[in-house]
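# Pasting the sequence and the predicted model now:
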Amino acid sequence: MLIAMLLNLYWFYKKKHLFQLTASGAFLLLAGREVNWGRCFFPIGMGPDGPIFIPMEQFPHHTMINTVIGIMLVIVLIGVIFTTPWKKIIVRRLFPVKLFIFACICTIFSLIGDSSRLFSDAQGELVEEQGELLLYFLLLHVSVYYYYFLNIDDQ
């Protein structure tokens, strides 16, 4: 996620399109979510399924962290609404249907793994993490897709 964030920041500085800056913020939020907003750096023990992390309520400065997350989320949502070139996407029909279908499949795998209905707890956790990893790669691919196809006029 950090590589995708840095790549979008590079594209922003290269082409000055605010869409890439918004995508960078989204990838930063995903990276923060992946490390449990920093809780993974404070394990309090080991359980049968892996490390046990400190609860968010006991995390130092958790109120400030939640506030920053909320502000960043609102900024990214506003950025998606106002910086996405909707007209170019609709007129050129640049919606990546195949990538959207693959993203839905990855989300379904992640949900199936999280519920542990079809797999044991350990296997379900593995399926969930693999689904999330594939989804992150797909989001990076969508970011690359839109960078190249939305910047055709600039070249």
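Nice, I can see it.
# Skipping its backbone neighbours, what lies nearest the residue most central in space within the chain in space?
Nearest to the geometric centre of the chain sits L30, at 3.6 Å (Cα atoms, centre = their mean). The shortest distance from L30 to any non-neighbouring residue, by Cβ to Cβ, 6 or more residues apart in numbering, is to M1 (4.8 Å). All C-beta atoms are positioned from the backbone trio N, CA, C, and that covers glycine.
# give the contact list for that neighbour.
Residues counted as contacts of M1 (Cβ atoms under 8 Å, 6 or more residues apart in numbering) are 27-28, 30-31, 34, 136.
# Show me the helices in this protein, by range?
With DSSP state H, the ranges of helices along the chain come out as 2-15, 18-34, 62-83, 86-91, 97-115, 121-150.
# could I get those as CSV with distance to F41 and mean pLDDT?
Formatted as CSV, these follow (distance: least, Cβ to Cβ, whole Å; pLDDT from 0 to 100):
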stretch, distance to F41, mean pLDDT
helix 2-15, 15, 84
helix 18-34, 12, 88
helix 62-83, 13, 91
helix 86-91, 39, 80
helix 97-115, 23, 83
helix 121-150, 18, 82
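# Check these for me and report the most buried one.
Looking across the helices of the chain with neighbours counted as mean count of other Cβ atoms under 10 Å, the highest average goes to helix 18-34: a mean of 19.
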